[in-house]
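Participant: could you work out the structure for the sequence below:
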Amino acid sequence: MKFNRELMKGHLKTIVLSALSDGPCHAYGLKKRIQEKSLDVFSIPEGTIYPTLHKLEKDGLIESQEVESQSGREIRNYSITSKGIKTLEDNRREWSFFSRAMKLMLESEL
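Facilitator: Residues are numbered from 1 along each chain as shown. Here you go, the predicted model:
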């Protein structure tokens, strides 16, 4: 089922933090992880993932470090910080509250 991609914009931070809560990852691997975890519902373009990662790092929610890949090339790995974990927990609670209310609204009889 297709959905309005604008809906994802407000939740991109939570999506990325959730994916990084599974462990450190480089940007391309993170993009793939998000796609797999969402069963191909979320496909984030590179032009969106990099600015999001930079903003989350600037906000102290994630951190990065240069590591050597299996091919010997330097890549940047991202990991969630303790501040990011707290933010993710807060966002999960907020989403749970919001989604329950939306479910009640949408399932009410007309």
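
Participant: just want the most central residue of this structure.
Facilitator: residue 16 (1.5 Å; CA atoms, centre = their mean).

Participant: and the nearest residue to it once chain neighbours are set aside, how many neighbours?
Facilitator: For residue 16, ignoring the flanking residues on the chain, the nearest one in space by CB to CB, 6 or more residues apart in numbering is residue 52 at 5.7 Å. For every residue, glycine as well, the C-beta is placed using N, CA and C. A count of neighbours around residue 52, defined by other CB atoms under 10 Å, yields 17.

Participant: got it, and residue 38?
Facilitator: When counting by other CB under 10 Å, one arrives at 15 neighbours for residue 38.

Participant: so what's it up against?
Facilitator: For residue 38, the contacting residues are residue 15, taking CB atoms under 8 Å, 6 or more residues apart in numbering as the criterion.

Participant: doesn't residue 78 make contact with residue 20?
Facilitator: Yes. Here residue 20 lies in contact with residue 78, judged by CB atoms under 8 Å, at a distance of 6.1 Å.

Participant: look up which helix or strand the spatially closest residue to residue 17 that is not a sequence neighbour falls in, please.
Facilitator: In space, residue 17 comes closest to residue 88 once its chain neighbours are excluded; the distance is 4.3 Å by CB to CB, 6+ apart. Applying DSSP states H and E as the criterion places residue 88 in helix 82-107.

Participant: mind listing what's buried along that helix?
Facilitator: Buried residues in helix 82-107, counted by 16 or more other CB atoms under 10 Å: 84, 87-88, 91.

Participant: could you dump those residues into TSV with distance to residue 57 and pLDDT added?
Facilitator: Supplementary listing: the buried residues of helix 82-107 in TSV, determined by distance: CB to CB, whole Å; pLDDT from 0 to 100:
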residue	distance to residue 57	pLDDT
84	10	98
87	13	97
88	15	97
91	17	95
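
Participant: identify, from the residues you listed, the entry nearest to residue 47.
Facilitator: residue 84 (22.4 Å; CB to CB).
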